[in-house]
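Enquirer: Provided below for reference: sequence and predicted model.
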Amino acid sequence: MTAKELVNKIFFVEILKGMALTLSRMFSHAVTIQYPTERRPIAPGFRGQHALAKNPEGKAKCVGCGLCATICPSQCIQVIREQGKVARYEVDVLRCIFCGFCVEACPYGAVVLTENFEYSNYSKEAFYLTKDKLLSNWDKYMAGKKGEDYFKKFWHPMSDDLGTPQGQAVFRGRK
Amino acid sequence: MNIDPKTVDILIKFGINLLIILIQIVIVLGIALLHVAYATYFERKVIGHMQVRLGPMRVGPHGLLQPIADGVKLFFKEDILPAKADKAVFYLAPVIFMAASMINLSVIPYTASFVIAKINVGLLFILAMAGMGVYGIFISGWASNSKYAFIGGLRSSAQVISYEIAMGLSLAGVMIMAGSVNLSEIVKAQANSVFGIFAIPQIIGFVVFTIAAVAETNRTPFDLPEAESELVAGYFTEYSGFRFALFFLGEYIAMLIMSSIAAVCYLGGWTIPWYILKVLPFLSYVPGIFWFLMKVYAFIFFYYWIRATVPRYRYDQLMAIGWKILIPVALANLLLTGLAKLLL
């Protein structure tokens, strides 16, 4: 044991350093967020509860192609077509892992994840979203300018630019 | 029957004295219980802020009613007796533990005139009662018929007994300097001494006492008897409801007692050093109880500060610190103090 180590031990230098740190932290600002009264700002592109997009006429954009249901890793989307129309579009939220693949897969930008994350409930039925609930979610969370911006910025619908990227080797017509 | 007027006089005086003592007891007990309630709040707030949290915030403004909510919750909880526990002893243990720590409140001099029992063996009485508290801890661990409680009880009794020696030896330095074990006399001796407080000439003893006091009350970093990660809650694992609250009360009152001893024996009790009074003479108008409480709460804050900073020691480290470092250091301090007293 060197002299310095001995001095450190006798005068509790390490412990005093630690105590100085905790004392300085005592006067710093707490990081706690008092949840119901105070909320954390939602991160851009937050993946929350699902919604089915509506076109300007107020009809569902979904055509029922079933790509979202196909790509869904947890297989929680069910699309049933009857007579050329979407009869049922249902999401089992309790099984969803919020990967966002359905949104990426949709060629029409018809399904979207909203910023809503506060939908806890006591019944299982409340987490089984039918087409009506999904459409009303669009009105609740994605209506107006904010929803539109959010939609365009983070869930850029593929239908906006269907086509091959510039770098792709592909026949682009005769020169 | 003819009663001698002298006897009546004595009886009346006795009655008045008894009444005064009873009133003092009620005041001290009321304040001590309220202190325990808000000491938990103070602790949670201090540790919370040190860990960059907020502590209790929900019940009342800034969580000020949290201790009351906790008390009500504990009071209405179910009282559970383990199936194979020794019933009588199981029920007796928390009472012994709490009584042994609460009885010390009677000998602490809060101000020059406010002491419930002005006895000449105050310091020895407190040391003896600290030894009594071990019975509560140990038989609670034994009577619970649970391995966690049993190991907790064993650890606690071994620890408290080991650190009691170091604490007693460090306090012996104070006894030598004051020439008395009456707590009021110790404070007066400090007020008349050169340094004003014994913490300066007895700095080694004070450090030993501080460490031993933390270990003696089973607080972090010496909280092995109730190490949550190993023993659930240690010796009071099997207690619930109000019996648990009794242990809780006992522990916090023991902390108050230790802080009071530190204030009385090392920090000058209700007095402040004469050189401070010389510089700031108006401070003599401040009542003594203010200085006493300030010192006590500073020491309690120190307890919390340590708890927020230092992780728990290993059991062999704990014993090594107690036996190989604190006791020899306290003995050396005793020797130095004795020599100084002889030569100066």
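Expert: Cool, got the structure.

Enquirer: Would you map the helices across chain A?
Expert: Secondary structure of chain A by DSSP state H: the helices cover A:3-10, A:13-26, A:67-71, A:101-105, A:131-137, A:144-154.

Enquirer: Please spell out which residues along stretch A:138-149 are buried.
Expert: Neighbour counts over stretch A:138-149 (16 or more other Cβ atoms under 10 Å in any protein chain shown) mark A:138, A:141-142, A:147 as buried. Using the backbone N, CA and C atoms, a C-beta is placed for each residue, glycine as well.

Enquirer: Looking at the residues you listed, spot the one nearest residue B:274.
Expert: Closest to residue B:274 out of the buried residues of stretch A:138-149 is residue A:141 (71.8 Å), distances taken as Cβ to Cβ.

Enquirer: quick one, longest helix in chain B?
Expert: helix B:5-50.

Enquirer: now for that helix, which elements pack on it?
Expert: Packing partners of helix B:5-50 (3 or more Cβ pairs under 8 Å, 6 or more residues apart in numbering or on different chains; DSSP states H and E): helix A:13-26, helix B:66-75, helix B:241-265, helix B:288-309.

Enquirer: How far off centre is it?
Expert: Helix B:5-50 sits 15 Å away from the centroid of its parent chain (Cα atoms, centre = their mean, to the nearest Å).

Enquirer: Same question for stretch A:18-38.
Expert: Centre-to-centre, stretch A:18-38 and its host chain are 29 Å apart (Cα atoms, centre = their mean).

Enquirer: what is the mean pLDDT for that stretch?
Expert: Averaging pLDDT along stretch A:18-38 gives 86.

Enquirer: ok, now stretch B:164-172?
Expert: Mean predicted lDDT for stretch B:164-172 stands at 88.

Enquirer: got the contact list for the residue lying closest to residue B:95 once chain neighbours are set aside?
Expert: Among residues not flanking residue B:95 along the chain, residue B:246 sits closest, at 6.8 Å (Cβ to Cβ, 6 or more residues apart in numbering or on different chains). Contact partners of residue B:246, counting by Cβ atoms under 8 Å, 6 or more residues apart in numbering or on different chains, are B:94-95, B:97-98.

Enquirer: same check, this time on residue B:331
Expert: Contacts of residue B:331 by Cβ under 8 Å, 6+ apart are residue B:169.

Enquirer: And it, which helix or strand is it part of?
Expert: Here residue B:331, judged by DSSP states H and E, is contained in helix B:327-343.

Enquirer: Need the phi and psi values for the one residue sitting closest to the centre of chain A.
Expert: Per Cα atoms, centre = their mean, the C-alpha nearest to the average position across chain A is that of residue A:47, at 0.5 Å. Note on residue A:47: backbone dihedrals following degrees, to the nearest 10 are phi -100, psi 100.

Enquirer: if we can go back for a sec, what does the average pLDDT come to for the longest helix of chain B?
Expert: On average, helix B:5-50 scores 87.

Enquirer: before we move on, back to that, which positions in the helix holding residue B:331 come out as buried?
Expert: By 16+ other Cβ under 10 Å, the buried positions in helix B:327-343 come out as B:327, B:329-331, B:333-334, B:337.

Enquirer: repeat for stretch B:232-248
Expert: For stretch B:232-248, by 16+ other Cβ under 10 Å, it's B:233-239, B:242-248.

Enquirer: Make CSV out of those and add pLDDT.
Expert: Formatted as CSV, the buried residues of stretch B:232-248 follow (pLDDT from 0 to 100):
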residue, pLDDT
B:233, 76
B:234, 77
B:235, 79
B:236, 81
B:237, 81
B:238, 82
B:239, 84
B:242, 84
B:243, 85
B:244, 86
B:245, 86
B:246, 87
B:247, 86
B:248, 85
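
Enquirer: From those residues, pick the one nearest residue B:15.
Expert: Looking across the buried residues of stretch B:232-248 and measuring by Cβ to Cβ, the closest to residue B:15 is residue B:246, at 32.5 Å.

Enquirer: Which positions in chain A make contact with chain B?
Expert: Within chain A, the positions near chain B by Cβ under 8 Å from any Cβ of the partner chain are A:15, A:18-19, A:21-23, A:25-32, A:34.

Enquirer: Need the buried ones from these selected in ChimeraX.
Expert: Buried members of these can be picked out in ChimeraX with the line below, counting by 16+ other Cβ under 10 Å:
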select /A:18,19,22,25,26,30
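
Enquirer: just the helices in the stretch 151-300 of chain B please.
Expert: B:183-192, B:203-216, B:228-231, B:241-265, B:274-279, B:288-309 (DSSP state H, counting those that start in this stretch).

Enquirer: rewinding a little: out of the helices of chain A, the one nearest residue B:13 is which?
Expert: Here helix A:13-26 is closest among those (Cβ to Cβ), at 52.1 Å.

Enquirer: Any regions of the chain where pLDDT drops low?
Expert: You didn't say which chain, so I picked chain A. For chain A, the stretches with pLDDT under 70 are A:155-163, A:175.

Enquirer: try again with chain B
Expert: Applying pLDDT under 70 to chain B flags the ranges B:1.

Enquirer: now, which of the contacts of residue B:246 lie within helices?
Expert: Checked against DSSP H, those include these in helices: B:94-95, B:97-98.

Enquirer: can you redo the residues you listed as CSV with distance to residue A:11?
Expert: Putting the ones in helices among the contacts of residue B:246 into CSV (distance: Cβ to Cβ, whole Å) gives the following:
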residue, distance to residue A:11
B:94, 40
B:95, 42
B:97, 36
B:98, 37
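
Enquirer: Closest one of those residues to chain A?
Expert: Nearest to chain A, judged by Cβ to the nearest Cβ, of the ones in helices among the contacts of residue B:246 is residue B:97 at 29.5 Å.

Enquirer: Show me what counts as buried in stretch B:141-157.
Expert: Under 16+ other Cβ under 10 Å, the buried positions of stretch B:141-157 are B:141-144, B:146, B:148-157.

Enquirer: ok, so of the residues you listed, who is nearest residue A:90?
Expert: Nearest member of the buried residues of stretch B:141-157 to residue A:90, counting by Cβ to Cβ, is residue B:148, at 50.1 Å.

Enquirer: tilt between the strand or helix carrying the closest one and helix B:327-343?
Expert: Residue B:148 belongs to helix B:147-178 when assigned by DSSP H and E. Angle of helix B:147-178 versus helix B:327-343, following axes from the mean of the first three to the mean of the last three Cα atoms, to 10 degrees, is 10 degrees.
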